[in-house]
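In: sequence first, predicted coordinates after that:
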Amino acid sequence: MCSSSLFDFVDLFAGIGGFHAALGAMGGRGVYASEIDTLAADVYERNWRLRPEGDIIPATSDRMDVPGHDVLAAGFPCQPFSKSGYQRGMDEARGSLFWNILRVLETRRPTVVLLENVRNLAGPRHAHEWDVIVRSLRELGYRVSSTPAVFSPHLLPPELGGRPQVRERVLILGTYVGKRKAEQDVAPIVRNRALAGWDPQDWDLDTHLPLVPEHAIKDRDRYSLSVTEQEWIEAWDDFVRSLRAAGMLRPPGFPIWRDAFVHERDLVVDEGTPYWKADFLEKNAKLYTAFQPVIDDWLDRWNGLDHFPPSRRKLEWQAQDAKSMWETVMHFRPSGVRVKRPTYLPALVAITQTSIVGQHRRRITPVEAARLQGLPEWFDFGDQADAATYKQLGNGVNAGVAYHVLRQHVLRDLDVIRKRAPGLAAAVEDSPGTPDQRLESYWVPTKAPMRTRSGLRPEIDLRSAG
């Protein structure tokens, strides 16, 4: 596939290559990547046969190491931008890593830009950052939507590369049309809802992920729950069963706090308590009052949960009418033990909150986590520690979502893109709806020739490039 590539792309803040998976499956050739984390760069090189450069700042400040390309992809960190004087354009983003992306766009003018960021970028706290991003891209001639496009792999059906993982991300897509036309607003290419005809409640982990058969998991004990962790679950499972036996069809949806169990008549909410916390305290007191004998008996059986850490004395029930916690998917979070139906999983995160499959009393394995991100079966993390692998996947881009949104964007802007990047237009017109089959036959990594920056366009000195 590399030798017959129809367009070139660069992969900035590349991580382990979620964007590379999507664009490579679409027929593209990676000509440059940057990643400052050396462990992630090692994994990237191992699988994509392209060694990422390190710090993007010196490579894009006084000089331009990034070669010419058709598509720029970047999962950039969101840093606060200067509000001093509400300056226009790139100057306002100076000092942020987004500014370095703008320098590449200003110098190379790729036809399409594809950026990914956390969901909060579209929230009210980051309204200024969002405004700077849109204005800066338009001033460089890129037509982008002023409305954030938010999407998640669980909203995409499996036949289009979706995965059973809630991972809402903001996606910014732009096409170079020149500064005058860039001011014309367009609708976002995707919205935060499932595609027509697909119900995310239809996800099934055994079928769609799929889960690795228990007998095939190497060193399975590494992923098994400890005795202490099983006790936390057994205690709360006993709680759920006890309430159900007492007539409650399902636990309430609000966070259940063992430390807030007090009779309503004895509840004291201190002045100044935040509204949300006061509301939870009142709801827990009402629950305890309604089922006090049952809850007291449960507490006696489990020593009041006094030997549990504070975060394990909290339950967040989101599993509807599941009969037992061992039938659910669980997550040990700072806010409590979160319990969900075994359809789709919570977002992979870059810390130790790996999802637990109750049925098998274990955490998901790195292989399953990689599948959640849409990576191919041949993807290889080498012999690095599992903690590093989970972190890299938690920081990664979902390949199926990246593929889908880029494909839809190019098809929408096909007339414009065909004029500037005919290879990109042809590749997308010829691309299937899902990257999965192409990825599996992408190449055999250990036999692919190593690609370096040798032979690419020489760097430009920006101090003399205007």
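Out: Yep, that arrived. All values derive from a computational prediction rather than experimental measurement.

In: thought residue 193 was touching residue 152?
Out: No. Using C-beta atoms under 8 Å, residue 193 and residue 152 do not qualify as a contacting pair, with a distance of 9.7 Å. For the C-beta atoms, the positions are set from N, CA and C on the backbone; glycine is no exception.

In: which one's more surrounded, these two?
Out: residue 152 (23 against 12; other C-beta atoms under 10 Å).

In: residue contacts, the more buried one?
Out: Contact analysis of residue 152 by C-beta atoms under 8 Å, 6 or more residues apart in numbering lists 165, 166, 167, 168, 169, 192, 401.

In: by neighbours, which of these wins?
Out: Neighbour counts for those peak at residue 401, which has 29 neighbours (criterion: other C-beta under 10 Å).

In: now for residue 109, how many residues are close by?
Out: Counted with other C-beta under 10 Å, residues neighbouring residue 109 total 15.

In: excluding its backbone neighbours, what's nearest it?
Out: Of all residues not flanking residue 109 in the chain, residue 176 sits nearest, at 5.9 Å (C-beta to C-beta, 6 or more residues apart in numbering).

In: residues near that neighbour, how many?
Out: Residue 176 has 23 nearby residues by other C-beta under 10 Å.

In: next, it: phi, psi?
Out: phi -70, psi 120 (degrees, to the nearest 10).

In: what residues does it make contact with?
Out: 109, 110, 111, 112, 141, 142, 143, 420.

In: okay, it: pLDDT?
Out: Listed pLDDT for residue 176 reads 98.

In: dump the residue contacts of the nearest residue to residue 38 once chain neighbours are set aside.
Out: Leaving aside its sequence neighbours, residue 38 sits nearest to residue 54 (C-beta to C-beta, 6+ apart; 7.9 Å). Neighbour list for residue 54: 34, 35, 36, 38, 41 [criterion: C-beta under 8 Å, 6+ apart].

In: which residues does residue 317 form a beta bridge with?
Out: residue 339 (DSSP bridges).

In: nearest residue to the middle of this structure?
Out: Closest residue to the average C-alpha location of the chain: residue 167 at 4.6 Å, with C-alpha atoms, centre = their mean.

In: settle this for me: residue 33 is touching residue 14, isn't it.
Out: Yes. Here residue 33 reaches residue 14: they are 4.3 Å apart, a contact under C-beta under 8 Å.

In: the two: who's more crowded?
Out: Using other C-beta under 10 Å as the criterion, residue 33 and residue 14 rank with residue 14 on top: 30 against 26.

In: isn't the more buried one right up against residue 34?
Out: Yes. In terms of C-beta under 8 Å, residue 14 counts as a neighbour of residue 34; the distance is 6.2 Å.

In: quick check: neighbours shared by those two?
Out: Joint contacts of residue 14 and residue 34 (C-beta under 8 Å, 6+ apart) are residue 52.

In: widest-spaced pair of the contacts of residue 152?
Out: The span of the contacts of residue 152, defined through C-beta to C-beta, is set by 165 and 192 at 14.8 Å.

In: low-confidence ranges in the protein?
Out: For the chain, residues meeting the criterion pLDDT under 70 lie at 1-4, 78-95, 351-352, 443-466.

In: elements contacting the helix of greatest length in it?
Out: Criterion DSSP state H: the longest helix present in the chain is helix 227-245. When contacts are defined as 3 or more C-beta pairs under 8 Å, 6 or more residues apart in numbering; DSSP states H and E, helix 227-245 packs onto helix 292-301, strand 314-318, strand 329-333, strand 336-340.

In: ok but residue 262 is inside a strand, no?
Out: No. Per DSSP: H, G, I helix; E, B strand; the rest coil, residue 262 lies outside any strand segment and is coil.

In: next, give phi and psi for it.
Out: According to degrees, to the nearest 10, residue 262 has phi -150, psi 150.

In: all helices for the stretch 301-450 of the chain, in order.
Out: Remark: helices assigned in the stretch 301-450 of the chain by DSSP state H, counting those that start in this stretch are 366-372, 386-394, 399-412, 414-420, 422-429, 436-440.

In: tabulate those (TSV), appending distance to residue 202.
Out: Converted to TSV, those look like this (distance: least, C-beta to C-beta, whole Å):
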stretch	distance to residue 202
helix 366-372	17
helix 386-394	24
helix 399-412	16
helix 414-420	32
helix 422-429	28
helix 436-440	18
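
In: deepest of these, which one?
Out: helix 399-412 (a mean of 24; mean count of other C-beta atoms under 10 Å).

In: name the helices or strands packed onto it?
Out: Secondary-structure packing of helix 399-412 (3+ C-beta pairs under 8 Å, 6+ apart): helix 18-25, strand 112-118, strand 149-151, strand 169-176, helix 422-429.

In: which of these is buried the deepest?
Out: Of the helices and strands packed on helix 399-412, helix 18-25 is the most buried (mean count of other C-beta under 10 Å), at a mean of 28.

In: show me the helices in the stretch 51-200 of the chain, by range?
Out: 56-60, 90-93, 97-108, 127-139, 179-182.

In: how does the chain divide into domains?
Out: Listed by automatic domain parsing, the domain ranges of the chain are 7-198+394-461, 224-363.

In: contact partners for the nearest residue to residue 399 once chain neighbours are set aside?
Out: Distance criterion C-beta to C-beta, 6+ apart; nearest residue to residue 399, sequence neighbours excluded, is residue 374 at 3.4 Å. Contacts here follow C-beta under 8 Å, 6+ apart; on that basis residue 374 touches 18, 21-22, 153, 161, 163, 398-401, 403, 435-436, 439.

In: again, only using 6 Å
Out: Residues in contact with residue 374 (C-beta atoms under 6 Å, 6 or more residues apart in numbering) are 163, 398, 399, 400.

In: now do the contacts for the last one.
Out: With contacts taken as C-beta under 6 Å, 6+ apart, residue 400 has the following neighbours: 153, 161, 162, 163, 374.

In: tally of neighbours for the closest residue to the first one other than its chain neighbours?
Out: Excluding its sequence neighbours, the residue lying closest to residue 153 (C-beta to C-beta, 6+ apart) is residue 163, at 4.2 Å. Each residue near residue 163 was counted by other C-beta under 10 Å, and the total is 23.

In: residue 111 touches residue 419, doesn't it?
Out: No. Between residue 111 and residue 419 there is no contact under C-beta atoms under 6 Å: 9.1 Å.

In: just to be sure, residue 282 is in a helix?
Out: Yes. Under three-state DSSP, residue 282 falls within a helix.

In: which residue lies farthest from the center of this structure?
Out: Max distance from the centre of the chain (C-alpha atoms, centre = their mean): residue 265, 44.8 Å.

In: that's a helix at that one, yeah?
Out: Yes. Applying three-state DSSP, one finds residue 265 inside a helix.
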